[in-house]
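K.L.:
mind looking at a prediction? Sequence and model below.
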Amino acid sequence: MAFDAPHFSSRTAVVCRGAGKTWAAGTKRAHEALRDVDLDIAPGEFVVFLGPSGCGKSTLLYLIAGLEDATDGAIWSFGDKVETPSPQRSLIFQETSLFPWLTVWQNVSFGLAIRGASQAERRRVAAEALQRVGLKAAMDKRPDELSGGMRQRVAVARALAMRPKVLLMDEPFAALDVQTRARMQDFLLDVWRDSGASVLFVTHHIDEAVALADRVVVFTARPGRIKTIVPIDLPRPRNLFSREAEALRIQLTDLLRDEVDRAFAEQEAMTA
Ligand SMILES: Nc1ncnc2c1ncn2[C@@H]1O[C@H](COP(=O)(O)OP(=O)(O)OP(=O)(O)O)[C@@H](O)[C@H]1O
């Protein structure tokens, strides 16, 4: 089926229409990861993807990033059909892939080097991005001189240096300890407000979803479909100990429980 760009799509950060992904489509190993995703993300919106392991949350981020093609439906970002990666959409992974032989500022400005920017321009943009993540003083250090949390902040600075309109984050804080993760959440909210970018953030943590999101997209077990979308109408800065926050955590836990049970049953059947 052909999908025309929705008429409002030029003003919308991300539009998914009937988006689906079957890995190894057309082969014996065909594996449907994601089905029929319809989703609109507004500019500057913070959206969290929550769902059982293997339901296709990362797959959807890769489709939106343009790193993988949808096998069904289509995706647009600010009116352009997503077919290839773009500096407008930056992806940050759980494990940062900083180049260990480059300094922090060289890592941050790596994308600009590929675009042919001069050394002075790269250093200026890197300094500005590092200032925004509170790491300007670490410009000339190497990644192995930094803690895990600092390395993730460098990864955020590297993404910000490209001035993305959409920041795609795949469990970016999963490898961090609980205290560092809480601080990184506060830091990310500051960066998000400052940048005006839309953030699409994958997590397994319900408390993280309630702390961060404007809306939480809850996925079913594989093939992942949108089960429901829960708005998080809590004022910011959020009191995560409020009765309203607790009610949202309970609602999201209930929504997830069935899907996690289904995902477990399927994984057991596959490995039996
Ligand atoms: N490159 C790939 N080739 C083939 N299958 C893949 C590939 N990447 C992911 N898959 C499969 O697609 C399904 C969805 O995977 P995906 O990583 O998107 O899920 P997820 O919800 O992000 O999982 P998790 O929460 O465990 O990270 C899984 O069954 C996975 O094995």
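P.N.:
Noted; the coordinates are in hand.

K.L.:
look up how far Val47 lies from the spatially most central residue of the chain.
P.N.:
Taking C-alpha atoms, centre = their mean, the centroid of the chain lies closest to Met169, which sits 2.5 Å from it. For Met169, the distance to Val47 (C-beta to C-beta, to the nearest Å) stands at 11 Å. Every residue, glycine included, has its C-beta placed from N, CA and C.

K.L.:
using PDB, write down the CA coordinates of stretch 254-264.
P.N.:
Only the C-alpha atoms of stretch 254-264 are listed here, as PDB (Å, rounded to 0.1, in the frame of the first residue of the first chain):
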ATOM      1  CA  ASP A 254      -0.400  -2.900  35.000                       C
ATOM      2  CA  LEU A 255      -0.200  -2.200  31.200                       C
ATOM      3  CA  LEU A 256       3.200  -3.800  30.900                       C
ATOM      4  CA  ARG A 257       2.600  -6.900  33.000                       C
ATOM      5  CA  ASP A 258       0.500  -8.900  30.400                       C
ATOM      6  CA  GLU A 259       2.900  -8.000  27.700                       C
ATOM      7  CA  VAL A 260       6.000  -9.000  29.700                       C
ATOM      8  CA  ASP A 261       4.300 -12.400  30.500                       C
ATOM      9  CA  ARG A 262       3.500 -12.900  26.800                       C
ATOM     10  CA  ALA A 263       7.100 -12.000  25.800                       C
ATOM     11  CA  PHE A 264       8.500 -14.500  28.400                       C
END
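
K.L.:
list the buried ones in that stretch?
P.N.:
Leu255, Leu256, Glu259, Val260, Ala263 (16 or more other C-beta atoms under 10 Å).

K.L.:
what's the closest of the residues you listed to Val37?
P.N.:
Glu259 (15.1 Å; C-beta to C-beta).

K.L.:
doesn't the closest one lie inside a helix?
P.N.:
Yes. Counting by DSSP: H, G, I helix; E, B strand; the rest coil, Glu259 is found in a helix.

K.L.:
circling back to that earlier point, distance from the helix or strand containing the residue nearest to the centre of the chain to the middle of the chain?
P.N.:
Met169 belongs to strand 166-170 when assigned by DSSP states H and E. Here strand 166-170 is found 3 Å from its chain centre; the criterion is C-alpha atoms, centre = their mean, to the nearest Å.

K.L.:
again, but for stretch 39-54
P.N.:
Distance, centroid of stretch 39-54 to centroid of chain: 8 Å (C-alpha atoms, centre = their mean).

K.L.:
identify each buried residue in that stretch, please.
P.N.:
Leu39, Asp40, Ile41, Glu45, Phe46, Val47, Val48, Phe49, Leu50, Gly51, Pro52, Gly54.

K.L.:
equivalent analysis for stretch 228-243, please.
P.N.:
Buried, per 16+ other C-beta under 10 Å, within stretch 228-243: Val230, Ile232, Leu234, Leu240.

K.L.:
again, but for stretch 193-211
P.N.:
Quick answer for stretch 193-211 (16+ other C-beta under 10 Å): 195, 197-203, 205-211.

K.L.:
so which of these belong to strands?
P.N.:
Ser198, Val199, Leu200, Phe201, Val202, Thr203 (DSSP state E).

K.L.:
now do the helices in this protein.
P.N.:
57-65, 104-108, 110-114, 119-132, 148-161, 178-195, 206-212, 243-271 (DSSP state H).

K.L.:
quick one: contacts for the residue of the stretch 101-250 of the chain with the smallest separation from the ligand?
P.N.:
As assessed by C-beta to the nearest ligand atom, the ligand sits closest to Arg222 within the stretch 101-250 of the chain, at 5.5 Å. Contact analysis of Arg222 by C-beta atoms under 8 Å, 6 or more residues apart in numbering lists Glu32, Ala33, Pro52, Gly54, Cys55, Gly56, Ala263, Glu266.

K.L.:
next one: it from Arg238, what distance?
P.N.:
From Arg222 to Arg238 the distance is 31 Å (C-beta to C-beta).

K.L.:
any idea how many residues pack against the closest residue to Ile232 other than its chain neighbours?
P.N.:
Distance criterion C-beta to C-beta, 6 or more residues apart in numbering; nearest residue to Ile232, sequence neighbours excluded, is Ala213 at 4.8 Å. Neighbour count of Ala213, defined by other C-beta atoms under 10 Å: 24.
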